[in-house]
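# Prediction below, plus the sequence it came from.
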Amino acid sequence: MKRRDVPERDGRRDWLTFIGIFLLALVVRLAVSSSLSSLGLWQNPQFDARENLGWAGALAAGNFQWPSPPTHGPAYPLFLAALLKVAGGSLGAARFGQAVFASLTCVLVARTGVALFGRRAGLAAGILLAVSGPVALVDVSFWEEGLVGFVLSAALFLLATRRTPGGAALAGLLLGVACAARPTSLLFVVAAAAAILFAGAWTRRGAAAGALVLAAGLVLAPAVLAASRASGHFVFVRAYGAVNLWLGNDPASGGVQNARPNGPWDRIAAAPARAGVAPKDEEAWFTQRTIARAAAAPAGLLRAVLSKAVWLTQAEEPRDNHAYAFFASQSGILRMLPGFGAVIALAVVALFARVPVRAAALPLLWIGAGALPFLAALAGLRYRMPLVPPVALFGGAGAALLFERLRARDARALAAPLVAGMFALGAAHLRVHPPSHVFAEEWSLEGNAWMEMGRPEEAVRALQKAGSADPAAALPVEFLGRLRLAEGRAPEASRLLEESLRMDPDSRSAHFFLGQAEEEQGHAAEAAAAYGRALAISPAFFPARYHRGRALILAGDPASAVPELEKAVALAPGEAPPRELLERARALASVPR
C-alpha cells in the first residue's frame, strides 16, 4: 500500500511546486511592470508596441479591417484585443493578463523538463525562466514574443508528452498561431515534423507529422490570405521582413540594428521608393540587394553572421525596439534579476549530465529553429526570445546536476562542471554593445510619449535627459522643436528643427515639421521647400506630399501643386481632403481633369 501511495504524494508535491513556479513568475512580472509604470514609454508605448496596440484597439472596437500592408502578424493583436476587451481597455489589466499567460509558459517549460530530463531538472528550468529579467520584461510589454513563447512552449510540451497523431495535431495548431504572429516560426513546424519522423517513440509517425503540418496550415492560411488581400499582392503574414535581412547582414553593423531613428532608418526604409520600386516589390528588392551584397563580399557576410553567432551566446541584449539596459536602469528588480548569461552557463553544465540523446533531440531542434532567424536577420532582445525556453531546459538539467553533486559532497565530481559553468558565465559577459547603454533615444521617445499625453513639462524633462545622455543626438532637439510647434511657438520650433537637421539631415520628420513651422509663420515657399526635402528622402510619405501641394497653392503656384496632389491622391485614394485640394489647384491653374 505504501508503494502505491508514493507516486500519488509525489504527484501532489509536483503540482504544488508547479503552482509555486506560476506564482513566482507572476509576482516577478507584475513587479517589473509596476516598477516601470511611471515611465511615459510604459503608459504610452512607442514603435512596435504602439502599432500592436493600435491594431488591437481597433479589433476590440469591432473594426476587423487589416492594415495595408500589415507590419505585424495578426495573432498577437487578436490576442491583445481579447485582453483589452475583457479589461475594458486598461493597459495595466492587459499586462496582468499577459503576465498570467507568461507564468503558464514557465509551468509548461517545467513540465516539459520533468518529462524529458527528470523532476529536479524540469523544476529548475521553470524557475530559471520565471526569474529571467529579459523574459519578464518582454512578457509584460506589448510585443508578440510573449504570446509566441507561450504557444511554442505549449507545442513543445505536447510533442514531448503526447506522442500521438492527436497530440501532434494540437501542437500543429499552436505552431500555426506562432507563425501567424512571427512568420519565422515556420521553422518550428519543420523542427517539430523532423522530431516526429526521426526522434522519439512516436506511434504512426507519418500520420502524426502530416496532422501537425495540416493543423499548422489551417491556422496559417487565413492569416496569409488576409494579409495578401489587404496588401493587394502576396504577403506571407506580414510585410517589412526583408529589410531586417539587409540590416542584419551589413558587415559594418555586426548584425545589430544600428539604423536608428530618425535619419538613418528613414534613408534605409525609403530606399525602394527612391529607386522607383513599387510597394509590392519592396520585399524582393531588399532580398535581392542582400544576396547581391553577399555575393560581392562573402567575407563581409561571414563576419556579420559570425558576429551574430557570438551575440547569440552573450548576456548582453543589443537594442532592437528599445534598449533592455534602459528599462533595467529604471527598475531595481530588473537590475537584480539574472539574464541570459546565467541560463546559458547552466546549459553548458548540462554537458556533464547524462542526458539521453532521444530526450535532448527535441529541445535541440527547438534551439536550432530559434537560432536560425537570429543568425539570418538581426541580433537583439526580442529576436532571441524563442531560444530561451529550450535553452532553459538544458539550464535546468545543469542546475540539477550541480545540486546533486553539492548534496553528495563530491568535490571531485563537482569541480569540472562548476569550472565549465563559471567559464561559460564569464565568456557570456565578454561582449558589450555600447550604443545600447546610451539612452538618448529612449529618453527622446519618453519625451514624445509625454507630449502625446499632453504633459509638456514631463516631456521637456525627458528631452533634457536625452540631450545630457548624448549632446550630439538630433532626436531630442527635433522632438523639442515639435513640442514648441504644438505650443504655437513656431519661430522657436523652426530654429530647433533646423538645428536638429544640421546634426541629422536625413530625418524626413524634421523636414516635415519644419515645413509646418514655416507654414505657421506664413512662409509658404519655404514650407514647400521643406516638404520637398522630406519627399527627397521618402517619396511615398503622404503627409509631406499633401502638405507640399497645399503650400504651393498658398505660395501662388497652383500649377506645380497639381502633380504633387495627384501623387497624394494616388498614395491615399480613400482620403477626401487631397481630392478636394486637387480640384481647387486644377481650377486655380486652369488645368483640365
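Happy to help now that I have it.

# if I pick the residue nearest the centre of the chain, what's in contact with it?
For the chain, the residue sitting closest to the mean C-alpha position, by CA atoms, centre = their mean, is Arg382 at 4.9 Å. With contacts defined as CB atoms under 8 Å, 6 or more residues apart in numbering, the neighbours of Arg382 are Val138, Trp143, Glu145, Asp320, Asn321. Using the backbone N, CA and C atoms, a C-beta is placed for each residue, glycine as well.

# what's the helix or strand for it?
Secondary structure here is read from DSSP states H and E; on that basis Arg382 sits in helix 381-384.

# The very next helix or strand once past that helix - contacts with which helices or strands?
Using DSSP H and E, the helix or strand that follows helix 381-384 in sequence is helix 388-407. In terms of contacts (3 or more CB pairs under 8 Å, 6 or more residues apart in numbering; DSSP states H and E), helix 388-407 is packed against helix 91-117, helix 119-130, helix 145-161, helix 340-349, helix 357-376, helix 411-427.

# The stretch 401-550 of the chain: strands as residue ranges?
Counting by DSSP state E, counting those that start in this stretch, the stretch 401-550 of the chain forms no strands at all.

# okay, Phe439: pLDDT?
At Phe439, the predicted lDDT confidence score is 98.

# surely it meets Ala466?
Yes. With contact defined as CB atoms under 8 Å, Phe439 counts as touching Ala466 (7.5 Å).

# After the lowest-mean-pLDDT helix or strand in the chain, which helix or strand is next?
In the chain, no helix or strand scores lower on mean pLDDT, DSSP states H and E than helix 2-35, which sits at a mean of 80. If you walk from helix 2-35 toward the C-terminus, the next helix or strand you reach (DSSP H and E) is helix 40-43.

# Check which helices and strands that next one is in contact with.
In this structure, helix 40-43 makes packing contacts with helix 440-452, helix 456-469, judged by 3+ CB pairs under 8 Å, 6+ apart.

# Name the stretch among those that sits most buried.
Using mean count of other CB atoms under 10 Å, the stretch among those with the largest mean neighbour count is helix 440-452, at a mean of 25.

# how many degrees apart are that one and helix 456-469 in direction?
Regarding helix 440-452 and helix 456-469, their directions subtend 170 degrees when assessed with axes from the mean of the first three to the mean of the last three CA atoms, to 10 degrees.

# so where do the helices sit in the stretch 201-350 of the chain?
In order along the chain, the stretch 201-350 of the chain carries the following helices (DSSP state H, counting those that start in this stretch): 205-231, 242-248, 263-269, 271-274, 282-296, 298-311, 324-329, 332-336, 340-349.

# Could I get the buried residue list for the longest one?
What that stands for is helix 205-231. Applying a neighbour-count criterion of 16 or more other CB atoms under 10 Å, one finds 205, 207-213, 215-216, 219-220, 223-224, 226-228, 231 buried in helix 205-231.

# circling back: among the contacts of Arg382, which one sits closest to Gly54?
Compare each of the contacts of Arg382 with Gly54 using CB to CB and the shortest gap goes to Trp143, at 13.8 Å.

# what about that closest one, which helix or strand?
Going by DSSP H and E, Trp143 is not in any helix or strand.

# Test my guess that it contacts Arg50.
No. Trp143 sits out of contact with Arg50 when judged by CB under 8 Å, with a separation of 10.9 Å.

# and Ala242, what is it in contact with?
Contacts for Ala242 (CB under 8 Å, 6+ apart) come out as Glu282, Glu283, Ala284, Trp285, Phe286, Thr287, Thr290.
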